[in-house]
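For reference, the sequence and a predicted model appear below.
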Amino acid sequence: SSGINAEWPLRPGTTYYKLMSCGFDDKAGIIRSKTEWGSWYQTIEDVTAEVIVPTNTKGRDVDLKILPTSLSCNIHNKPMFSGDLFQSIVCDESTWTVEDEDAHRIVRIFLVKSNKTPQACWKSLFKGSCEADVMTLDEMQKKILQERYQRENPGFDFTGAEVTGSYQDGGPQF
């Protein structure tokens, strides 16, 4: 355990835990599922798709339709994907941006899940396509369980915890 900097006197024999200073994903990393157009990843509350686009892409070049149960994306009038989402989303809270990242440009699509529980781990972005491979899905489920434990126990840091046993479908129910 890591000690915290405190303005009050610390008591001998007491263990103090450092509070999280950044978001869970910042510390735990992101588990991406690769696709032909980029990748997607998820947390308990949201799903993010990252579409790799030409470096000259501007917002006006993006035609994106975000609906409660479907998503379509065209870049420079070229279809990238279109389909029924694995689960429903909250459209009014979902958005997208065009960003520079590393050596390329991406359209980042941020989708807010309707079902924001650890049991609602998406197995694919769309029904029948963009499925996470078995190992990636396994890592996504472990990370979502760690995120759940982090939320339930905010004074602890679960980012480096090893997850074993039953962690599919959000882990054990207490």
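Now that the structure is in, tell me what you want to look at.

unless I'm mixing things up, residue 125 is touching residue 36, no?
No - using Cβ atoms under 8 Å, residue 125 is not in contact with residue 36; the gap is 11.8 Å. The C-beta positions use only the backbone N, C-alpha and C, and glycine is treated the same way.

The two: which has the busier surroundings?
Per other Cβ atoms under 10 Å, whichever of residue 125 and residue 36 has more neighbours is residue 125, with 25 against 9.

How about the more buried one: what's its closest non-neighbour residue?
Distances taken as Cβ to Cβ, 6 or more residues apart in numbering place residue 40 nearest to residue 125, at 4.7 Å, with adjacent residues excluded.

So that neighbour, which state does it fall into?
At residue 40 the chain is in strand, as set by DSSP: H, G, I helix; E, B strand; the rest coil.

Hmm, residue 31 and it touching each other?
No - between residue 40 and residue 31 no contact is recorded; they are 10.2 Å apart, counting by Cβ under 8 Å.

and residue 78, how far is that from residue 89?
24 Å (Cβ to Cβ, to the nearest Å).

And those two? Which one has more around it.
Set residue 78 next to residue 89 and count neighbours by other Cβ under 10 Å: residue 89 wins out with 23 against 11.

The residue nearest to residue 125 - how many residues pack around it?
23.
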